[in-house]
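Colleague: Pasting the sequence and the predicted coordinates here, then a few questions.
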Amino acid sequence: MNAGDFKHPYFLGIGGIGMSALAWYYLRKGCLVHGYDRIPSPLTRHLEQAGAEIHYDEDPEKLPADTDVVVYTPAIPQDHAEWPEIHRREIPVLKRAEVLGMICRDYTTLAVAGTHGKTTTSSMLAYLLRHSVGCNAILGGVSLDLDGNYHYDASSSLMVTEADEYDRSFWQLYPWFSAVTAWDADHLDVYGSVENMRAAYCRFMRQSTHFIACESMKADLREPKADYFYGQDSWEENLESGFAVERVEEGRQVSARAVHVRVQNGAYHFDYVGPRAAICGLELHCPGRHNVLNAVAAISLALESGVGPGDVKRLLPGFKGVARRLELKDRAVGRLYYYDDYAHHPAEIKASVDALREFYPEARLCIVFQPHLYTRTRDLADGFARSLSEADELFLVDIYPARELPLDGVDTHLIGDKIAGKEVHYGSREDALAWIERRISRMRECAGCLVLVTMGAGDIDRIVDQVGALVKKEAGV
């Protein structure tokens, strides 16, 4: 069975970020695409405009007669009303990850794995390739450069994709070259332990013909052996560091690094040094030191793919980033800045907080955070509390359950009660919106600057436009 065998795919959960990218792939191949999702969204509306037929009620009669495959995600429950009809008709059923693996077998695949950073890194890599040697891309976020999560280039044999560790999805991929950004504890509901999760990563790395890994993994990654590790000089040493490429010829261990990193005029400036090239005077406009690290990974894979150093230097300043990855939505310059962020792991939250503190050192930081999954909240409550305690003001939105049922004793108080010496507010998305409106109104009585962030991987993005309207009103727009 090959990806090209399907002419009329049906997607259960077509509005998901990964599913919608696959739907785009088949639309671009000239296939008839149908699907179901619970509610309309910008992603589904965009697909409908391109010709996909989508319905939003569970109705077996809307399953097309000539459907030749059903693609689904684990978010679709077993009691979904369309399953009996699918099984009665004996239509082949495949997980999203299986179809992605089939597609990628037809390309020279560049994959990015990791508990955080993979969407930004893969989007940056796709951006560099698209504007130089060309590529296809299936991404796990909306690239602001592509204005979507999919890019098609009939003339290119390269495919950029994310390698998702959830449900061991990345085992379906056999990349030519991959990067692994991190393997911190996550998805313990699937793996049971960090050790099991890392063992799954090791299998993915063995399936990669070549791979690089972040130097934070170096002490724990014994086997398989990375082609090389990548990182950046410690912040305190950046201005003193010189160009030096660590080479150990036996085993070909080579380091790729960002050096001379500094902030100037609201952007990062740094030099890259790696096994393929040294590039001076790079510029990146995405907030966060972690994004410099993501850039090192993306640049390394781009160079391996034949992108020239001059193209990297020319293109990198134009990279706009990824929607909901610490995305600046609106602002009243000098007084109020509003960011929306997908961060849903303690390490990601800390990286975002550090980034905003660096760019706005005098501002008050106000975070509205919605935890994603009961199990993740339970397993990582201490880490969430540590990361969120760095905010000056905090509102915790009710947990977004996604595929899970509630767990006894697990709610947002499990995080907030661990944050000492700070008032924490609780409630629904609507409560959070009302609280944000009151907080913005109070700005008029105070001096100084406020940085406001809505954060999380659930449905908190439903209030983004409303919050943006409040900021525009305050800015007089």
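Modeller: The structure has been received and is ready for your questions. What you see is a predicted model, and the numbers here were worked out from it, not measured in a lab.
Colleague: distance of residue 410 from residue 398?
Modeller: 11 Å (Cβ to Cβ, to the nearest Å). Heads up, the C-betas are built off the backbone N, CA and C, glycines and all.
Colleague: Between the two, point out the one with more neighbours.
Modeller: Taking neighbours as other Cβ atoms under 10 Å, residue 410 and residue 398 compare with residue 410 leading, 20 against 17.
Colleague: wait, what's in contact with the more buried one?
Modeller: Residue 410 sits next to 374, 377-378, 399 when contact means Cβ atoms under 8 Å, 6 or more residues apart in numbering.
Colleague: Can you select the buried ones from the residues you listed in ChimeraX?
Modeller: Applying 16 or more other Cβ atoms under 10 Å to these, the buried members can be selected in ChimeraX as follows:
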select :374,377,378,399
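Colleague: which among the contacts of residue 410 gets closest to residue 202?
Modeller: Using Cβ to Cβ, residue 378 comes nearest to residue 202 of the contacts of residue 410, at 26.2 Å.
Colleague: Assign a three-state SS to that closest one, would you?
Modeller: What DSSP: H, G, I helix; E, B strand; the rest coil gives for residue 378 is helix.
Colleague: and it, what is it in contact with?
Modeller: Taking Cβ under 8 Å, 6+ apart, one finds 407, 410, 414 in contact with residue 378.
Colleague: pretty sure the first one contacts residue 374?
Modeller: Yes - Residue 407 lies in contact with residue 374 (Cβ atoms under 8 Å); the separation is 4.4 Å.
Colleague: So which residues of the stretch 1-150 of the chain form strands?
Modeller: Per DSSP state E, counting those that start in this stretch, the stretch 1-150 of the chain carries strands over the ranges 9-12, 34-36, 53-55, 69-72, 93-95, 108-113, 136-143, 148-151.
Colleague: So which bits of the third one are buried?
Modeller: By 16+ other Cβ under 10 Å, the buried positions in strand 53-55 come out as residue 54.
Colleague: what does it rub up against?
Modeller: Strand 53-55 is contacted by residues 14-15, 32-37, 40, 44, 47-48, 62, 64 when judged by Cβ under 8 Å, 6+ apart.
Colleague: and that strand, which strands flank it?
Modeller: Sheet pairing of strand 53-55 (DSSP bridges) gives strand 34-36 (parallel).
Colleague: My guess is residue 173 contacts residue 102. True?
Modeller: No - the criterion here is Cβ under 8 Å, and residue 173 misses it with residue 102 at 10.4 Å.
Colleague: Low-confidence bits of this protein, can you list those?
Modeller: For the chain, residues meeting the criterion pLDDT under 70 lie at 185, 187, 234-254, 477.
Colleague: Show me how it divides into domains.
Modeller: Listed domain ranges for the chain are 3-95, 107-318, 327-475 (source: automatic domain parsing).
Colleague: for this structure, longest helix please?
Modeller: The longest helix of the chain (DSSP state H) is helix 289-304.
Colleague: Next, the angle strand 108-113 makes with that helix.
Modeller: Angle of helix 289-304 versus strand 108-113, following axes from the mean of the first three to the mean of the last three Cα atoms, to 10 degrees, is 160 degrees.
Colleague: related to what we said a few turns ago, of residue 173 and residue 102, which one has the most company?
Modeller: Per other Cβ under 10 Å, whichever of residue 173 and residue 102 has more neighbours is residue 173, with 22 against 17.
Colleague: Helix, strand or coil: sort out residue 339 for me.
Modeller: Relying on three-state DSSP, one would call residue 339 strand.
Colleague: Neighbours of residue 261, how many?
Modeller: Residue 261 has 23 nearby residues by other Cβ under 10 Å.
Colleague: element containing it, please.
Modeller: strand 253-264 (DSSP states H and E).
Colleague: Can you tell me the strand partners of the helix or strand just after that strand and which way each runs?
Modeller: Once strand 253-264 ends, the next helix or strand along the chain (criterion: DSSP H and E) is strand 267-273. Paired neighbours of strand 267-273 in the sheet (DSSP bridges): strand 253-264 (antiparallel), strand 278-284 (antiparallel).
Colleague: rewinding a little: report the two of the contacts of residue 410 separated the most.
Modeller: 378 and 399 (9.8 Å).
Colleague: buried ones in stretch 41-57?
Modeller: Residues of stretch 41-57 classed as buried by neighbour count (16+ other Cβ under 10 Å): 41, 43-44, 46-47, 52, 54.
Colleague: likewise stretch 405-419?
Modeller: Neighbour counts using 16+ other Cβ under 10 Å place 410-412, 414-416, 418-419 of stretch 405-419 among the buried residues.
Colleague: With stretch 205-221 instead?
Modeller: Using 16+ other Cβ under 10 Å as the burial criterion, the residues of stretch 205-221 that qualify are 205, 207-208, 210-217, 221.
Colleague: Serialize those to a markdown table and add fields for secondary structure and distance to residue 284.
Modeller: As requested, the buried residues of stretch 205-221 are exported to a markdown table (DSSP: H, G, I helix; E, B strand; the rest coil; distance: Cβ to Cβ, whole Å):
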| residue | secondary structure | distance to residue 284 |
| --- | --- | --- |
| 205 | helix | 27 |
| 207 | helix | 31 |
| 208 | coil | 26 |
| 210 | strand | 25 |
| 211 | strand | 23 |
| 212 | strand | 19 |
| 213 | strand | 21 |
| 214 | strand | 17 |
| 215 | helix | 19 |
| 216 | helix | 20 |
| 217 | helix | 22 |
| 221 | coil | 26 |
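Colleague: quick one: which of those is nearest residue 327?
Modeller: When the buried residues of stretch 205-221 are compared against residue 327 (criterion: Cβ to Cβ), the nearest one is residue 214, at 23.1 Å.
Colleague: Just list whatever residues bridge to that closest one.
Modeller: residue 230.
Colleague: Could you check how far stretch 271-285 is from the centre of its chain?
Modeller: How far stretch 271-285 lies from its chain's middle: 23 Å, per Cα atoms, centre = their mean, to the nearest Å.
Colleague: Mind exporting the C-alpha coordinates of that stretch to PDB?
Modeller: Output of stretch 271-285 as PDB, limited to C-alpha atoms (Å, rounded to 0.1, in the frame of the first residue of the first chain):
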ATOM      1  CA  ASP A 271      27.700  33.700  14.000                       C
ATOM      2  CA  TYR A 272      27.300  30.100  13.000                       C
ATOM      3  CA  VAL A 273      30.100  27.600  12.800                       C
ATOM      4  CA  GLY A 274      29.600  24.000  11.800                       C
ATOM      5  CA  PRO A 275      31.000  21.100   9.800                       C
ATOM      6  CA  ARG A 276      29.800  22.500   6.500                       C
ATOM      7  CA  ALA A 277      30.400  26.200   6.900                       C
ATOM      8  CA  ALA A 278      31.100  29.200   9.100                       C
ATOM      9  CA  ILE A 279      28.700  32.100   8.500                       C
ATOM     10  CA  CYS A 280      29.200  35.500  10.100                       C
ATOM     11  CA  GLY A 281      26.600  38.200  10.800                       C
ATOM     12  CA  LEU A 282      23.400  36.200  11.000                       C
ATOM     13  CA  GLU A 283      20.200  38.000  12.200                       C
ATOM     14  CA  LEU A 284      17.100  36.400  13.700                       C
ATOM     15  CA  HIS A 285      13.900  38.300  14.700                       C
END
